[in-house]
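> pasted the sequence and its predicted model underneath.
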2 protein chains.
Amino acid sequence: MDPTNDSAVTSPLSPAEDVARGTGVSLWKQIAERIEAEIVEGRLTPGARLPTENELAERFGVNRHTLRRALASLTERRLIEATPGRGTFVKEPPIRYPINARTRFSEIVSREGRAPSGRLIGSRVEPASAEIAQALGLAPGAEVLRVDVIREADGVPITVASHWYEADRCRDLDLLVAATGSVTRALETLGLGDYRRLETRITARPADEEDCRLLALPSGRTVMVVDAINGDPQRRPIQYSHARFCADRVQLVVKT
Amino acid sequence: MDPTNDSAVTSPLSPAEDVARGTGVSLWKQIAERIEAEIVEGRLTPGARLPTENELAERFGVNRHTLRRALASLTERRLIEATPGRGTFVKEPPIRYPINARTRFSEIVSREGRAPSGRLIGSRVEPASAEIAQALGLAPGAEVLRVDVIREADGVPITVASHWYEADRCRDLDLLVAATGSVTRALETLGLGDYRRLETRITARPADEEDCRLLALPSGRTVMVVDAINGDPQRRPIQYSHARFCADRVQLVVKT
DNA sequence: CGGATTTGTATATTCATCTATACAAACAGG
DNA sequence: CCTGTTTGTATAGATGAATATACAAATCCG
């Protein structure tokens, strides 16, 4: 979300909006639905600034607190976000991130009309833990290459991930990731571009301090933790991944 | 409406119906919408008896008065009707009565799946008032035949009307109406079956005592008063009509 | 830094919604 | 006619919605 466009205050909402009383539908809900329609129909685009609370209250002919109740509803559903002193802005919709056999970050983000980018934030060779060794079909303690990356859409961090590879097989993968900014591209260079998702496990938890810093999150926000194994066409494991997706910015989609 | 089918108490409404709280939509409105859907979708047919108020309250998990508020909404909109001691019944929908060049009572009622009938309730030759003379293009005081009819759908009175014709031109029209029960049929016999609507004026008022009696209405109900001129194909006036339609049972439809 | 602006929080009041209890009125059936 | 059933009306209280007033906190700009 790019909230710097403060001059975009010309609201598409019409000057006076009537809300019906006595119909059994609360005023706040009617207002929330009106504003949501503007967003859904594209008349209020992501990053656009809404009129002030006082303006909206006057426009709908209600008390400011009634109006705030409507905004609270939209905030709760992550359609808008407000900052004291600055205003209320339309949020970017979460990225729909399909989990299937061929899960590719760059393609997914591009398909949502967003610019994907990635960045190596660390790498090292280390002995495989029992869990990683088992996932990759290696002996415990075998050398594995750990690659830490952060991935962004339109410059906004979306996910932080640690990947582990058999060290002998993926010797300079980290250098390729650093050079290209893309894990898929790096794997293609090593002849492993046709990898596919073998298994995915999803949990969620509050983001820890490190993830908050990397993902530019206020403390306490939720991340979805996605542990996955990717393998080659013969289904031999080549990558174990431990990723944290920002729950505000990503929506995982599983089709069955 | 035929409310005598008391054995039709097997309600299509499911045994338990959840209504959502805290959504900004009142409970009573959700319940009213649920019941209306049953009616609109044909699962509750005209004349059917709804479960008792206590049953419905228990079914929706609300207090009886909340349930009554929902029923009040449906009653107000004339979808249902309740009688103490008997129960609450689905009403017949009003007859949609198009007002256009070729307005024929019998055809309209038949098209709504109802059985039309008519009855002569009086007739006489009288001097034309200034208004009637003007409408029929006659000299004031000229002899006109006044014919009073009542019209029913499925035996329920729908409209009471007084018609005035030039006496010389429609000498035995009243006898024909009495014999056939249909004004259109009588006019056809006189070679005037191709009449068409030249002008229609619509007002509304509370029904007077006479109209309440003829239309089988409780006192105070509203009638729509439709004053109309019908003419022959050359647009010469042949009939002036002063009709009172029961507003509960008829819905006038004008297409522009 | 100070002032203006905007959102966030608090307190108080009124009205609508929802619930509970009780009894009256009308209808149907034995 | 009496009893049972069902809707209609009344009273009371709790909670949510809506309104009003006031002030705090955060941001932006000159």
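Ah, there it is. Residues are numbered from 1 along each chain as shown, chains lettered A, B, ... in the order given.

> does stretch A:29-48 come close to DNA strand C?
No. Using Cβ under 7 Å from any atom of the strand, stretch A:29-48 stays clear of DNA strand C, coming no nearer than 12.0 Å. Backbone N, C-alpha and C define where each C-beta goes, glycine included.

> which residues of the stretch 1-150 of chain A score low on pLDDT?
A:1-16 (pLDDT under 70).

> please enumerate the strands of it.
A:80-83, A:87-90, A:95-98, A:116-127, A:143-153 (DSSP state E, counting those that start in this stretch).

> so which of the ones you listed comes closest to chain B?
strand A:80-83 (16.6 Å; Cβ to the nearest Cβ).

> please save the CA atoms from the closest one in CSV.
Extracted in CSV, the C-alpha atoms of strand A:80-83 (Å, rounded to 0.1, in the frame of the first residue of the first chain):
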residue,chain,number,x,y,z
ILE,A,80,-9.2,0.1,4.7
GLU,A,81,-6.6,1.3,7.2
ALA,A,82,-6.6,4.5,9.2
THR,A,83,-3.7,6.6,10.8
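
> tell me the residues on the stretch 1-150 of chain A that lie near DNA strand C, please.
Residues of the stretch 1-150 of chain A lying near DNA strand C (Cβ under 7 Å from any atom of the strand): A:22, A:24, A:50, A:52-54, A:65, A:68, A:71, A:82-88.

> out of the residues you listed, the closest to residue A:170 would be?
Comparing those against residue A:170 with Cβ to Cβ places residue A:83 closest, at 43.6 Å.

> which residues of chain A lie near chain B?
Neighbours of chain B within chain A, by Cβ under 8 Å from any Cβ of the partner chain: A:23-26, A:28-29, A:32, A:73.

> can you flag the buried ones in those?
Buried residues within the residues of chain A next to chain B, counting neighbours by 16 or more other Cβ atoms under 10 Å in any protein chain shown: A:24-26, A:28-29, A:32, A:73.

> just the residues you listed that are near DNA strand D?
When contact is defined as Cβ under 7 Å from any atom of the strand, those meet DNA strand D at A:26, A:28.

> the buried ones among the residues of chain A next to chain B: which two are farthest apart?
So, those by Cβ to Cβ: farthest apart are A:24 and A:73, at 17.2 Å.

> which positions within stretch A:206-213 qualify as buried?
Those would be A:207, A:211-212, for stretch A:206-213 by 16+ other Cβ under 10 Å.

> adding secondary structure and pLDDT, write these out as JSON lines.
Compiled in JSON lines, the buried residues of stretch A:206-213 are given as follows (DSSP: H, G, I helix; E, B strand; the rest coil; pLDDT from 0 to 100):
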{"residue": "A:207", "secondary structure": "coil", "pLDDT": "82"}
{"residue": "A:211", "secondary structure": "helix", "pLDDT": "89"}
{"residue": "A:212", "secondary structure": "helix", "pLDDT": "82"}
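
> any idea which of these is the one closest to residue B:245?
residue A:207 (68.9 Å).

> which ones are touching the residue nearest to that closest one when sequence neighbours are not counted?
Of all residues not flanking residue A:207 in the chain, residue A:223 sits nearest, at 4.5 Å (Cβ to Cβ, 6 or more residues apart in numbering or on different chains). Shown here is residue A:223, whose contacts under the criterion Cβ atoms under 8 Å, 6 or more residues apart in numbering or on different chains are A:204-207, A:211, A:215, A:217, A:244-247.

> walk me through the domains of chain A.
Taking automatic domain parsing as the reference, chain A has its domains at A:1-93, A:95-253.

> among these, which is nearest residue B:102?
Shortest distance between residue B:102 and the domains of chain A, using Cβ to Cβ, is found for domain A:1-93: 38.7 Å.

> how distant is the closest one from the center of its chain?
How far domain A:1-93 lies from its chain's middle: 23 Å, per Cα atoms, centre = their mean, to the nearest Å.

> and the residue at the greatest distance from the centre of chain A, how far is that from residue A:66?
What lies farthest from the middle of chain A is residue A:22; by Cα atoms, centre = their mean that is 40.7 Å. Using Cβ to Cβ, to the nearest Å, residue A:22 is found at 15 Å from residue A:66.

> residue A:137 now?
61 Å.

> try residue A:75
Counting by Cβ to Cβ - residue A:75 and residue A:66 are separated by 15 Å.

> about what we covered before: could I get the contacting residues of the residue farthest from the centre of chain A?
Counted by Cβ under 8 Å, 6+ apart, residue A:22 has zero contacts.

> what subset of the contacts of residue A:223 is buried?
Buried among these by 16+ other Cβ under 10 Å: A:207, A:211, A:215, A:217, A:244-247.

> tell me the spacing between the spatially closest residue to residue A:62 that is not a sequence neighbour and residue B:119.
The shortest distance from residue A:62 to any non-neighbouring residue, by Cβ to Cβ, 6+ apart, is to residue A:27 (5.5 Å). Residue A:27 sits 52 Å away from residue B:119, taking Cβ to Cβ as the criterion.

> who's more crowded, the two?
residue A:27 (20 against 13; other Cβ atoms under 10 Å in any protein chain shown).

> hang on, isn't the more buried one packed against residue A:65?
No. Residue A:27 lies out of contact with residue A:65 (Cβ atoms under 8 Å); the separation is 10.7 Å.

> what residues are shared contacts of those two?
Shared contacts of residue A:27 and residue A:65, counting by Cβ under 8 Å, 6+ apart, come down to nothing at all.

> can you count the residues close to the nearest residue in space to residue A:116 that is not next to it in sequence?
Nearest residue to residue A:116, sequence neighbours excluded (Cβ to Cβ, 6+ apart): residue A:109, at 3.7 Å. Residues lying near residue A:109 (other Cβ under 10 Å) number 22.

> what do you get for residue A:104?
17.

> residues contacting it?
Residue A:104 neighbours (Cβ under 8 Å, 6+ apart): residue A:184.

> same deal with the one 3 residues further on?
Taking Cβ under 8 Å, 6+ apart as the contact definition, residue A:107 lies against nothing.

> distance of it from residue A:95?
12 Å.

> also residue A:77?
16 Å.

> neighbour-wise, which of those two wins?
Shown here are residue A:77 and residue A:95; by other Cβ under 10 Å, residue A:95 has more neighbours (24 against 11).

> not counting sequence-adjacent ones, nearest residue to the residue of the stretch 101-250 of chain A found nearest chain B?
Nearest to chain B, among the residues of the stretch 101-250 of chain A, is residue A:222, at 22.2 Å (Cβ to the nearest Cβ). In space, and not counting its chain neighbours, residue A:222 is closest to residue A:247: 4.2 Å by Cβ to Cβ, 6+ apart.

> that neighbour contacts residue A:217, correct?
No. The pair residue A:247 and residue A:217 does not pass the contact test of Cβ under 8 Å, sitting 9.5 Å apart.

> separation between the residue in the stretch 151-256 of chain A positioned nearest to DNA strand C and residue A:81?
Proximity to DNA strand C, evaluated over the stretch 151-256 of chain A using Cβ to the nearest atom of the strand, is greatest for residue A:218 at 12.5 Å. Distance of residue A:218 to residue A:81, computed by Cβ to Cβ: 11 Å.

> compare those two (neighbour count), which wins?
residue A:81 (16 against 8).

> contacts only, for the spatially closest residue to the more buried one that is not a sequence neighbour.
Once flanking residues are discounted, residue A:81 sits nearest to residue A:91: 5.2 Å by Cβ to Cβ, 6+ apart. Residues in contact with residue A:91 (Cβ under 8 Å, 6+ apart) are A:1, A:46, A:78-81.

> tell me the one of the residues of the stretch 1-150 of chain A next to DNA strand C nearest chain B?
Using Cβ to the nearest Cβ, those come closest to chain B at residue A:24, 2.9 Å.

> the closest one and residue A:61: what is the separation?
19 Å.
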